[in-house]
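**Q** below are the sequence and a predicted model for it; my questions follow.
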Amino acid sequence: MDPDLTRLDEFLADGGFDGYLVDADETDSTQRYLSGFGAPDPFVTVYTPETIAILVSTLEYGRARTESRADEVARLADYDYRSVADKYGSTEARARVVAAWLDDVGVERVATPERFPLGPADRLREQDLTVEPERENVVTEIRAVKTDEEIEHIREAQTANEAAMEAAEELLQAAEIVEDGDDVRRLHHEGEPLTSERLKEEIEVTLLRHGCALDETIVACGAAAADPHDRGSGPLTAGETIIVDIFPQSKATKYHADMTRTFVKGEPTSTIREWYDLTHEALDAAIDAVEPGATGQAVHDAVCDVYEDADVPTLRSDPTAETGFIHSTGHGVGLDVHELPRLSPDGGELQSGHVVTVEPGLYDPAVGGIRIEDLVVVTEDGCENLTEYPIQLQVSD
């Protein structure tokens, strides 16, 4: 995957920078995007309009040469790091080696991500390098527009996601409704209470079998589902909403997917049915509004219009609302599960290649929570829904 970095070249030229510097491990998405490489310990990448160069430990050198997209790969040992560390200590030695390496690459003035680590930045400045954090989110915005290859990576992760959602729904289908002694109708499976934790286990094991990983699955029931980011815990109850939000990352490509469904095992209340239908309508309205040139704000407004027309509070109608539609409509998905663009009051213009979630929802502890989330890619003439999983509230027995 070779991204178009023309805009980064222009940014560097306009700012008088020689290069763009990243000092981070494989969990940093900008690091992985520019270097095409991942390592568990921090390594250094510098991008210039002429080359991509990385500096790694000897341990990672062989793999970096074969796996990264760097034109030049160097080792700390190439700059006699051990002797320098014996003289100055490891912290200053690393800065001296990085400075010498950058000099060989022909770089004296670098821009960095806004969250570049402060210590390394200060120590490079002590080596007479100019280090300035960017203020324009250039690489983040470049990353937001996906190549065809990146879209396929996301599509593959979404396929795994749908297999995991199916496994969760099948477990709910197999569950029995049991009257507990406290007059609460609990879900049981194979003679044991069916819990949020058990459903998460089924989801996460399924994801592993499909080459993905996730350890923060949301399975929230009843009042817990009324908090959009409550992970959920404990026994699951019949007749109450169960929000299942799965956002896996491919172990091979590192790209994410994202999807939410809301289920009820047993008979939902009339309010739950009404809110579910309303949220489905809001989802359709938002997806219809997604197209190149539309703004994230306009897509968000489409959801708010549906809810407000039904006299349901939103943060647009009441910025202090604690129930109703109390979050933005969606976000970009890629190497990060939350990235640009935003479908929100401050959402900018959408472009072909943006991949975004569309996830309207309603929340009230007295009712529960309802959220439906699909994943779509903006195309030249509208959008393509990457989500094929059916939208259905009541789980059949």
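**A** Yep, that arrived. Residues are numbered from 1 along each chain as shown.
**Q** ok, then the element right after the helix ranked longest in the chain?
**A** Longest helix in the chain by number of residues, with DSSP state H as the criterion: helix 148-174. Note on helix 148-174: by DSSP states H and E, the next helix or strand toward the C-terminus is strand 176-179.
**Q** buried residues, whichever helix or strand comes after that next one. List them.
**A** Where DSSP H and E defines the elements, the next helix or strand beyond strand 176-179 is strand 185-189. Neighbour-count burial for strand 185-189 flags 186-189 (criterion: 16 or more other CB atoms under 10 Å). (Each C-beta comes from the backbone N, C-alpha and C, glycine too.)
**Q** same check on stretch 279-299?
**A** The neighbour-count check on stretch 279-299 (16+ other CB under 10 Å) flags 279-287, 289-292, 294-299 as buried.
**Q** which stretches of this protein have low pLDDT?
**A** By pLDDT under 70, the low-scoring segments of the chain are 1, 181, 397.
**Q** one more pass at 80, please.
**A** Along the chain, the parts satisfying pLDDT under 80 run over 1-2, 180-183, 397.
**Q** contacts for stretch 66-73, please.
**A** The contact list for stretch 66-73 (CB atoms under 8 Å, 6 or more residues apart in numbering) reads 2, 35-37, 45, 51-54, 56, 61, 64-65, 105.
**Q** hmm, 7 Å instead?
**A** Residues from elsewhere that reach stretch 66-73 (CB atoms under 7 Å, 6 or more residues apart in numbering): 35-37, 51-54, 56, 61, 64-65.
**Q** dump the C-alpha coordinates for it into CSV.
**A** C-alpha atoms of stretch 66-73 as CSV (Å, rounded to 0.1, in the frame of the first residue of the first chain):
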residue,chain,number,x,y,z
THR,A,66,12.0,-7.0,4.4
GLU,A,67,8.7,-5.7,5.8
SER,A,68,8.8,-1.9,5.9
ARG,A,69,8.2,0.4,3.0
ALA,A,70,11.4,2.4,4.0
ASP,A,71,13.9,3.2,1.3
GLU,A,72,16.7,3.2,3.9
VAL,A,73,16.9,1.1,7.1
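**Q** secondary structure class for the residue of the chain most remote from its centre?
**A** Most distant from the centre of the chain: residue 87, at 42.9 Å, with distances by CA atoms, centre = their mean. Classification of residue 87 by DSSP: H, G, I helix; E, B strand; the rest coil places it in helix.
**Q** from residue 74, how far off is it?
**A** 20 Å (CB to CB, to the nearest Å).
**Q** over to residue 13?
**A** Residue 13 is 25 Å from residue 74, by CB to CB.
**Q** if you count what's nearby, which of these two comes out ahead?
**A** Neighbour totals were compared for residue 13 and residue 74, and residue 74 leads with 20 against 10 (other CB atoms under 10 Å).
**Q** and the host helix or strand of that one, which strands flank it?
**A** Taking DSSP H and E as the criterion, residue 74 maps to strand 72-75. If you go by DSSP bridges, strand 72-75 pairs up with strand 52-56 (parallel).
**Q** from the chain's centroid, how far away is the partner strand?
**A** 26 Å (CA atoms, centre = their mean, to the nearest Å).
**Q** roughly how far does the residue nearest to residue 293 when sequence neighbours are not counted sit from residue 146?
**A** Sequence neighbours aside, residue 349 is the residue nearest to residue 293 in space, at 6.3 Å (criterion: CB to CB, 6 or more residues apart in numbering). Going from residue 349 to residue 146 by CB to CB gives 16 Å.
**Q** show me which of these two is the more surrounded one.
**A** A direct count of neighbours by other CB under 10 Å for residue 349 and residue 146 places residue 146 higher, at 25 against 13.
**Q** how near is the more buried one to residue 329?
**A** 19 Å.
**Q** and for residue 313?
**A** Separation of residue 313 from residue 329 (CB to CB): 15 Å.
**Q** with residue 138 instead?
**A** To residue 329, residue 138 is 25 Å away according to CB to CB.
**Q** more neighbours: these two, which one.
**A** Each of residue 138 and residue 329 has its neighbours counted (other CB under 10 Å); residue 329 has more, 30 against 19.
**Q** list the contacts for that one?
**A** Going by CB under 7 Å, 6+ apart, residue 329 touches 286, 299-300, 303, 343-344, 358-360.
**Q** so how far is whichever strand or helix holds residue 279 from its chain's centroid?
**A** Counting by DSSP H and E, the element that carries residue 279 is helix 270-289. Put simply, helix 270-289 sits 24 Å off its chain's centre (CA atoms, centre = their mean).
**Q** walk me through the domains of this protein.
**A** Per automatic domain parsing, the structural domains of the chain span 6-143, 145-395.
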